[in-house]
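Peer 1: 3D model of this:
(chains A and B)
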Amino acid sequence: MATLSLMLHNVLPLVIVTLVVWTVVRARQQPLWAEAYRRLARNPVAMMALGVICLYGVIAVLDSLQWSDTTTEEPKTVLDRLFVQVPQERTYSAPLAVMTTGEPQLHALQGWHLLGTDGNGKDVLYQALKGCRTAMIIGGFTSLLVTPLALFFGMSAGYFGKRVDDAVQYTYTVLSSIPDILLLIALLLVFGHGLDKLCYALGITSWVGLCRLVRGETLKHREREYVRAARALGVSPGRILARHILPNLLPLVIISITLGFSGLVLAESILSYLGIGVEAGTGSWGNMIDAARLELAREPVVWWNLIAASTALFLIVLAFNLFGDALRDALDPRLRST
Amino acid sequence: MRSIPACGVPNVVQPLLQVEDLRTYFSALHGIARAVDGVSFALEQGETLALVGESGCGKSMTALSILQLVPEPAGYIDGGRILFEGKDLLDLTWSQMRQVRGNDIAMIFQEPMTSLNGTRTIGWQLVEAMEVHGKASGNVAQQRALDLLARVRLEQPALVLRQYPHELSGGMRQRVLIAMALANEPKLLIADEPTTALDVTIQAQILDLMRDLQHELGMSILLITHDLGIVAKMARHVAVMYAGQIVEYAPTLQLFQQPCHPYTRGLFASLPSRHRRGVDLATLEGVIPQATHWPPACRFEPRCPSRWGTCRTITPRMLEQTPGRTVRCHLYDPTIADRPGLDTSWHHGQDSGKTVGQRPQTEANP
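Peer 2: This is a model prediction of the structure:
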C-alpha cells in the first residue's frame, strides 16, 4: 500500500509531464499545430498565461514527489521540505508582521511569513501552494476521465445517428436537466469524500458539454467530402472515426478542455467552500476560503488568508481562460483564412 | 421497335455493370423526393459511359447509389438492381459492400480541394487506401504509393508523399485522388464531375490522364458531367438524364450528330458554335422541377418546346429508335397517334413557330 502510494505520487507526475512534452513535440510535426505554435509564440498574453500554468504545474509536481527519511516517518514532498524551516506560530499574524494578531497578549513571531499565518499559526503561502496540486489534479484527472467518454459517445452519436444518437442525446439531456450543484452534492453523498471521488463526480456532470460539442462537430464532418471519399474507398466506420474525423476534432477538443479546466478548478473550490469538497487535510483553496469566511468578522480583519487563496485561484483560472482563448485563435479553422 | 429493359448494347452476354430500374428516394418535408427514378443502363468492360444532365437531375445520386453511399438517413434505395459482374450489389452486406468500395469500384469526387483529409500526409492516405483492402502494407505500400504518384504524372512524387493536402494545387490534388482511386486497380471508376473545380488547361490534362490510365488498366469509367465537351472527348456512350430519369441513350457520335430528345437538343442548342455567329445562344426555359413534385406524365413537358396535350396525360416510355439508341419521348413513339412534328428551331433570340413534319437535324457540332 505504501509503495503504491509512493508510485502514484512519484511516478505518475513524471509520466504525465513526459506525455505532455511528447504530445507537444509530436504535434509540432503537423502543419496545423506547427502554425498554431508560431501564432501562440507571437502572442505575449498567451505566453504569460502559459508561464503561469507551467508555474502551477511545477509547484504541483514538487508537491507530489515525496519520500521519507526514516522508515517510520510520513513521507514528505519536496514542497514540504522547502517549507520545513518555516515554524508554526501560535495564531494569526499579518503578512510580514513581527507580532501575532488577535490575541489578548501579543507574542513575537518565531519566523518570517510572506503572507502571514492563519488561526492555527500555519504559513498561508505554504497552504496556498499546497492547493496547486489539488487544483491540477481536479482539472487534469477529471479532463482525462471526461475526454474519452465524451469523444466516444459524441462521435458515435454524431456518426451513426438514429438509435445511437437518440440514446446518447437522451442520456445527456436528462443529466444536464438536473442542476449541476445538486447532482454533485448527491453524487458526493453516494461516493463519499476524497479527491478521487470528487473527480469522478465532476466527470459525471461535466462530460455533457464536451459530448454535445463533439457530436455536433462529428455530424458536420461526416458530411464532408474527405469522409465521403474515405467511405468510397471502403474504409470502415471505426477507422473513419478514429483516424479521419478524430484528428480533425482534436483542436476543438483541446480548446474545450483548456477552457473547461478553469471551470473544474472553480467547481472544486465552490464544493470545498460548501464543505463537500476534498478532506480537510488536503490543501485546497476552497477549504482556505471556507475557513477565512469566519475570520472576516474579526477585529482587526484577517484578510490575507482569503486574499491568498482567492488570488491563487483567480490566477490559474485567468491563465487557463486566456490561454484557451489564445489557443482557439491559433487553432480554430473558422478563424483562419484558408 | 421494342421496349428493352436496359439501354445497353443488347447482344453482349454480361456487361461489367448493369443498373436496372434503380430508384433512390429521399424523404423530404413535403413528400418523397424521387431523385433517381427508374434509371437503367449498362456499362461494358473497358468502356466509358457518360451520364449527362443539369444540376439536380440525379446524376450524382445514381453514382452514389451504385456504391450505396446515399446520404442517410433521408436517402434510401427504394428498389432496382445494380448488377456488378452479375452480382446484385444491393444484396451484399455492409462489410461485403465495403470490400467492393475502393477495391472493385472506386470513385473520385468533384471537389479535389476538400476530398483529402487535411490532417494527414498524402502518403499516409495513399497507404491507407491499400491497407484497408489488404493489398499492401509497410514498405511495399510506401513503394506502391510512390509508383502511383509517378503514374498520375506528379512531379517529385517522393516529395508529394510527405506533403499535406494544403500544400498542393487543385490539379495536383485531383491527381492524388485519382492515384488513391487506382491504388487497388478497380474494375470500374466512377468519376463525379472530376474536372468541374479545375481550370480549363488542368481539365484537359486530367482527362488525358484518365483516358491513358483507362487504356493501361483496362477499367471502365462511369463519367458524370454536365460538360458536353468532356463527353465528346471521353465517352463511347452517353446517357442523358433529366429529372431522375434517363431520357436518351446513344453512342456519343450519333448523339452529337443527331440529338433526338427535345431536352438533348436544347442542351446542344445552348452551346456556343462557330456556325451561329452573332446569334443569341438558345436557352432552356424554366428550371428543373422539384423532385418531390415531378410533372405527372412527361417530366420535361413544362419546358418542352414541342409539347402537346398527350405529354401531360401519357407517360413516355424508353423506346429504341435506331439500334443502340433509345429515347424517352412521344415524338418517337409510333403508338402515339397525334404526334406533331418536331420543333427543331430553338429560340435563337426570337421566338420561331413550330415547324411541322420535320425530322431532327444536326444543330450543333462542338
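Peer 1: now the longest helix along chain A, how far from the centre of its chain.
Peer 2: Assignment by DSSP state H gives helix A:124-160 as the longest helix of chain A. With Cα atoms, centre = their mean, to the nearest Å as the basis, helix A:124-160 stands 6 Å off its chain's centre.
Peer 1: so which elements touch that helix?
Peer 2: helix A:44-62, helix A:78-82, helix A:162-176, helix A:195-222, helix A:246-273, helix A:285-295, helix A:304-331 (3 or more Cβ pairs under 8 Å, 6 or more residues apart in numbering or on different chains; DSSP states H and E). Yep, even glycine has a C-beta here, placed from its N, CA and C like the rest.
Peer 1: in chain A, which residue is closest to the centre?
Peer 2: Note on chain A: the residue nearest the mean C-alpha position is residue A:139, at 1.9 Å, using Cα atoms, centre = their mean.
Peer 1: what's the closest of the helices and strands packed on helix A:124-160 to chain B?
Peer 2: Chain B sits nearest to helix A:246-273 of all these, at 3.9 Å, using Cβ to the nearest Cβ.
Peer 1: next, the angle helix A:44-62 makes with the closest one.
Peer 2: Counting by axes from the mean of the first three to the mean of the last three Cα atoms, to 10 degrees, helix A:246-273 lies at 60 degrees to helix A:44-62.
Peer 1: what does the stretch 1-150 of chain A put close to chain B?
Peer 2: A:30-32 (Cβ under 8 Å from any Cβ of the partner chain).
Peer 1: who wins for neighbours among these?
Peer 2: Top of the residues of the stretch 1-150 of chain A next to chain B by neighbour number is residue A:32, holding 20 neighbours under the definition other Cβ atoms under 10 Å in any protein chain shown.
Peer 1: buried ones in the longest helix of chain A, by neighbour count?
Peer 2: Across helix A:124-160, burial judged by 16 or more other Cβ atoms under 10 Å in any protein chain shown covers A:124-143, A:145-147, A:150-151, A:153-160.
Peer 1: which one of the residues of the stretch 1-150 of chain A next to chain B is nearest chain B?
Peer 2: Ranked by distance to chain B (Cβ to the nearest Cβ), the residues of the stretch 1-150 of chain A next to chain B are led by residue A:31 at 5.3 Å.
Peer 1: for the closest one, what are its contacts?
Peer 2: Listed by Cβ atoms under 8 Å, 6 or more residues apart in numbering or on different chains, the contact set of residue A:31 reads B:164, B:166-167.
Peer 1: any of those residues buried? List them.
Peer 2: Using 16+ other Cβ under 10 Å as the burial test, those include residue B:164 as buried.
Peer 1: export the contacts of residue A:31 to a markdown table and tack on secondary structure?
Peer 2: Formatted as a markdown table, the contacts of residue A:31 follow (DSSP: H, G, I helix; E, B strand; the rest coil):
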| residue | secondary structure |
| --- | --- |
| B:164 | coil |
| B:166 | helix |
| B:167 | helix |
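Peer 1: export the contacts of residue A:31 to JSON lines and tack on pLDDT?
Peer 2: Listed next are the contacts of residue A:31 as JSON lines, based on pLDDT from 0 to 100:
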{"residue": "B:164", "pLDDT": "87"}
{"residue": "B:166", "pLDDT": "85"}
{"residue": "B:167", "pLDDT": "87"}
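Peer 1: adding distance to chain A, write the contacts of residue A:31 out as CSV.
Peer 2: CSV is the format used below for the contacts of residue A:31 (distance: Cβ to the nearest Cβ, whole Å):
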residue, distance to chain A
B:164, 5
B:166, 7
B:167, 8
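Peer 1: most remote residue from the chain's center?
Peer 2: This is for chain A. Residue farthest from the centre of chain A, counting by Cα atoms, centre = their mean, is residue A:105 at 42.6 Å.
Peer 1: I was thinking of chain B, sorry if that wasn't clear
Peer 2: For chain B, the largest distance from the centre (Cα atoms, centre = their mean) belongs to residue B:139, which lies 36.9 Å off.
Peer 1: element containing it, please.
Peer 2: helix B:138-151 (DSSP states H and E).
Peer 1: now do that helix: which elements does it pack against?
Peer 2: Packing contacts for helix B:138-151, counted by 3+ Cβ pairs under 8 Å, 6+ apart, involve helix B:122-131, helix B:157-162, helix B:170-182.
Peer 1: packing partners for the longest one?
Peer 2: I take that to be helix B:170-182. Counting contacts by 3+ Cβ pairs under 8 Å, 6+ apart, helix B:170-182 packs against strand B:105-108, helix B:122-131, helix B:138-151, helix B:200-217.
Peer 1: near chain A, anything from the shortest one?
Peer 2: Right, the one you point to is strand B:105-108. Yes - Strand B:105-108 comes into contact with chain A (Cβ under 8 Å from any Cβ), by way of B:106-107.
Peer 1: which parts of the stretch 1-150 of chain B sit against chain A?
Peer 2: Residues of the stretch 1-150 of chain B lying close to chain A (Cβ under 8 Å from any Cβ) are B:67, B:69, B:71-73, B:98-103, B:106-107, B:109, B:111, B:114-120, B:128-129, B:132-133.
Peer 1: buried set for stretch A:216-234?
Peer 2: Going by neighbour count (16+ other Cβ under 10 Å), the buried part of stretch A:216-234 is A:217-219, A:221-222, A:224-234.
Peer 1: repeat for stretch B:121-137
Peer 2: Residues of stretch B:121-137 classed as buried by neighbour count (16+ other Cβ under 10 Å): B:121-133, B:135-136.
Peer 1: tell me the one of these nearest residue B:221?
Peer 2: The nearest member of the buried residues of stretch B:121-137 to residue B:221, counting by Cβ to Cβ, is residue B:129 at 18.3 Å.
Peer 1: gap between the closest one and residue A:202?
Peer 2: Distance of residue B:129 to residue A:202, given as Cβ to Cβ, to the nearest Å: 43 Å.
Peer 1: next one: residue B:114
Peer 2: The gap separating residue B:114 from residue A:202 is 38 Å, by Cβ to Cβ.
Peer 1: re the thing from before, which among the residues of the stretch 1-150 of chain B next to chain A end up buried?
Peer 2: Among the residues of the stretch 1-150 of chain B next to chain A, those classed as buried by 16+ other Cβ under 10 Å are B:67, B:69, B:98, B:100-103, B:106-107, B:109, B:111, B:114-120, B:128-129, B:132-133.
Peer 1: point out where the stretch 201-350 of chain B drops to low pLDDT.
Peer 2: Within the stretch 201-350 of chain B, the set of residues satisfying pLDDT under 70 comprises B:340-350.
Peer 1: swap the cut-off to 90 and go again
Peer 2: For the stretch 201-350 of chain B, applying pLDDT under 90 flags the ranges B:201-207, B:209-210, B:212-213, B:216-218, B:226-230, B:233, B:243-245, B:256-325, B:329-350.
Peer 1: how about the residues of it near chain A?
Peer 2: Within the stretch 201-350 of chain B, no position lies close to chain A (Cβ under 8 Å from any Cβ).
Peer 1: mind jotting down where the strands sit in the stretch 201-350 of chain B?
Peer 2: For the stretch 201-350 of chain B, applying DSSP state E, counting those that start in this stretch gives strands covering B:220-225, B:237-242, B:245-251, B:318-322, B:325-328.
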